[in-house]
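Trainee: Need a 3D model of the following:
(one chain, ligands or ions: 1)
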Amino acid sequence: MITCGNAWSEETPEPVEKTAPAAVSGPVVAENSRLAGDAKRTRFVVDVDRDVAFGVFTLAEPYRVVIDLPETDFRFAKGQGNSGRGLVNAYRYGLIGPGKSRIVLDTGGPVKIDKAFVVDAVDDQPVRLVVDLLSTSRQEFMAALAVQPTRQPAPRQAPAISGHEAVRPGAGRDGREIVVVIDPGHGGIDPGAKSRKGTLEKDVVLAFAKRLRTALSTSGRFDVRMTREDDQFIPLGERVNFAREEKASLLISVHADSVRAGSVSGATVYTLSERASDGVAAALAEQENRSDVIAGVDLSGESDAVADILIDLVQRETKNYAVFFARTLVSELKRNTGVVRNPHRSAGFKVLKAHDVPSVLLELGYLTNPSDEMHLIDAEWQETVADTVAKAVSEYFGERHARAPF
Ligand SMILES: [Zn+2]
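Mentor: Predicted coordinates for the structure are as follows:
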């Protein structure tokens with residue numbers, strides 16, 4: 001049990017003028033957290049090593065409370081946050097950007113932030129950050145949401161459509177290096193899948209992505225960019241925008257997820273489609289698309305960029321190139337490493353939605369499968385697969401003079 005009955009002992013202080021937090025260098029250290037209360041009123045407390053400036057706001061669909069903090073070193077006991085109490089079902093925490101950390105509380109229903117304050121250290125008690133939540137109606141929740149100050153940058157506007165064509169495999173013909181974006185999935189507050197032994201998807205895919213970068217760079221043909229190079233959360237839309245801004249000719253999003261059946265093993269290559277190719281693909285896309293929800297990203301203002309018929313046409317062409325690359329990749333993987341049955345599948349993955357960048361999502365294997373896990377964390381295996389993927393990329397771009405793919 002992660003909760004502790006004495007959280008209510010935190011006295012609500014008289015409102016006093018706060019002096020600026022003392023300048024202590026390095027990340028804030030959060031040693032412990034706890035919940036108290038019931039389904040009407042719940043208190044969340046975090047022990048921190050100094051006075052902190054923080055922001056608290058709510059999000060709907062699903063109901064969440066987000067606490068934004070400066071960069072914080074969370075030293076909570078293992079499993080803390082996996083279960084809840086009162087109005088809070090569970091909570092997550094981690095880095096969401098340079099110098100920024102976040103705690104996201106999943107609430108079972110609509111809540112109101114009653115109070116949020118920092119209590120000074122007293123005697124043997126450390127500085128505490130306290131957030132009090134009250135149960136409320138959906139109507140009140142939505143009304144509060146409307147007047148809530150925006151705590152995070154508004155989602156970027158849908159890009160202006162210039163009618164330019166999908167980037168063909170032949171891009172880079174003019175002697176420029178071909179830009180390939182590698183997107184290590186998850187990161188920071190979103191750990192992705194977790195094996196029974198505790199291996200995290202976000203760590204595995206970052207290590208693999210770095211090896212793939214090395215493998216691609218050695219050919220001298222590719223200019224490789226990564227959406228993240230450390231343990232940092234990046235919203236799905238930003239990953240897509242990054243590939244577009246870099247004018248990438250290919251995006252490879254790398255994952256190593258979990259599936260319900262622990263016996264499923266081997267690599268899978270996914271491309272975008274409105275209708276999922278099968279149930280596993282649909283479930284996986286749903287799981288992947290939850291990344292933003294996990295990190296408390298406000299999705300309410302997000303517009304659907306895929307409305308214009310022009311985008312539709314460009315996207316169809318982009319998709320064809322993505323499918324062509326996926327097939328190339330699958331045949332290379334088949335030769336060099338294990339693949340699942342039907343290794344090329346499709347579903348509505350948000351991260352694959354750049355309308356002018358051919359994009360694939362590579363599931364290296366499943367962390368839920370013990371033999372896959374053994375491979376996934378093995379440096380030699382990673383290197384072999386990175387070389388295999390690099391070979392497929394070279395082959396894909398090498399086809400450019402031979403024939404158009406479709
Ligand atoms: Zn994933």
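
Trainee: Lys115 is in contact with Leu134, isn't it?
Mentor: No: look at Lys115 against Leu134 with Cβ atoms under 8 Å: they stay out of range, at 9.4 Å. Bear in mind the C-beta positions are built from the backbone N, C-alpha and C, glycine included.

Trainee: The stretch 1-150 of the chain: helices as residue ranges?
Mentor: Applying DSSP state H, counting those that start in this stretch to the stretch 1-150 of the chain gives helices spanning 138-147.

Trainee: got the domain boundaries for this protein?
Mentor: In the domain annotation for the chain, the residue ranges read 5-147, 178-398 (automatic domain parsing).

Trainee: of all these, which gets the most neighbours per residue?
Mentor: domain 178-398 (a mean of 20; mean count of other Cβ atoms under 10 Å).

Trainee: related to what we said a few turns ago, and the domains of the chain as a markdown table, adding mean pLDDT and distance to the ion?
Mentor: Listed next are these as a markdown table, based on pLDDT from 0 to 100; distance: least, Cβ to the ion, whole Å:
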| stretch | mean pLDDT | distance to the ion |
| --- | --- | --- |
| domain 5-147 | 86 | 15 |
| domain 178-398 | 87 | 3 |
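
Trainee: can you tell me the distance between the two ends of stretch 129-146?
Mentor: 25 Å (Cα to Cα, to the nearest Å).

Trainee: and it, how far out from the chain's middle?
Mentor: Its chain's C-alpha centre and that of stretch 129-146 lie 26 Å apart, by Cα atoms, centre = their mean, to the nearest Å.

Trainee: For Asn241, give its distance to Val339.
Mentor: From Asn241 across to Val339, the span is 31 Å (Cβ to Cβ, to the nearest Å).

Trainee: Equivalent analysis for Asn320, please.
Mentor: Asn320 sits 22 Å away from Val339, going by Cβ to Cβ.

Trainee: my guess is Phe233 meets Arg239, correct?
Mentor: No: at 10.7 Å, Phe233 does not count as touching Arg239 under the criterion of Cβ under 8 Å.

Trainee: show me where the stretch 151-300 of the chain has helices.
Mentor: Along the stretch 151-300 of the chain, counting by DSSP H, counting those that start in this stretch, helices occupy 201-217, 236-245, 279-289, 291-294.

Trainee: So for Phe141, which of these sits nearest?
Mentor: Of all the helices of the stretch 151-300 of the chain, helix 291-294 sits nearest to Phe141, with 16.7 Å by Cβ to Cβ.

Trainee: May I have that closest one as CSV, with CA atoms only?
Mentor: The C-alpha trace of helix 291-294 is given here as CSV (Å, rounded to 0.1, in the frame of the first residue of the first chain):
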residue,chain,number,x,y,z
SER,A,291,1.4,8.1,-24.7
ASP,A,292,0.1,11.7,-24.6
VAL,A,293,-2.6,10.8,-22.2
ILE,A,294,-0.1,9.2,-19.9
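
Trainee: which residues are contacting it?
Mentor: Here helix 291-294 makes contact (Cβ atoms under 8 Å, 6 or more residues apart in numbering) with 62, 64, 92, 104, 185-186, 189-190, 192, 235-237, 299, 350.

Trainee: Any chance of the helices of the stretch 151-300 of the chain in TSV with distance to Arg50 as columns?
Mentor: Below are the helices of the stretch 151-300 of the chain laid out as TSV (distance: least, Cβ to Cβ, whole Å):
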stretch	distance to Arg50
helix 201-217	28
helix 236-245	30
helix 279-289	36
helix 291-294	27
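
Trainee: Any idea which of those gets closest to His255?
Mentor: Nearest of the helices of the stretch 151-300 of the chain (Cβ to Cβ): helix 201-217, 6.0 Å.

Trainee: what's the distance between the closest residue to Glu274 other than its chain neighbours and Val293?
Mentor: The shortest distance from Glu274 to any non-neighbouring residue, by Cβ to Cβ, 6 or more residues apart in numbering, is to Gly348 (6.1 Å). Gly348 sits 15 Å away from Val293, going by Cβ to Cβ.

Trainee: And for Lys391?
Mentor: Noted for Lys391: a distance of 36 Å to Val293, by Cβ to Cβ.

Trainee: OK, contacts around Leu362?
Mentor: 252-255, 267-270, 329, 389.

Trainee: Please give the element, helix or strand, for it.
Mentor: According to DSSP states H and E, Leu362 maps onto strand 359-363.

Trainee: Likewise for Glu395?
Mentor: Using DSSP H and E, Glu395 maps to helix 379-398.

Trainee: which other helices and strands contact that helix?
Mentor: If you count contacts as 3 or more Cβ pairs under 8 Å, 6 or more residues apart in numbering; DSSP states H and E, helix 379-398 packs onto helix 201-217, strand 250-255, helix 309-336.

Trainee: what's next to the second one, contact-wise?
Mentor: The list of residues contacting strand 250-255 from outside it, by Cβ under 8 Å, 6+ apart, reads 178, 180-186, 192, 201, 205, 208-209, 212, 239, 243, 288, 325, 349, 351-352, 354, 357-364, 389, 393, 396.

Trainee: got the contact list for the spatially most central residue of the chain?
Mentor: Centroid check for the chain by Cα atoms, centre = their mean gives His186 as the closest residue, at 3.5 Å. Residues in contact with His186 (Cβ under 8 Å, 6+ apart) are 192, 201-202, 205, 233, 255, 291.

Trainee: now Val28
Mentor: Shown in contact with Val28 (Cβ under 8 Å, 6+ apart): 48-50, 52, 69-73, 101.

Trainee: Mind doing that once more with 7 Å?
Mentor: Contact partners of Val28, counting by Cβ atoms under 7 Å, 6 or more residues apart in numbering, are 48-50, 52, 69-72.
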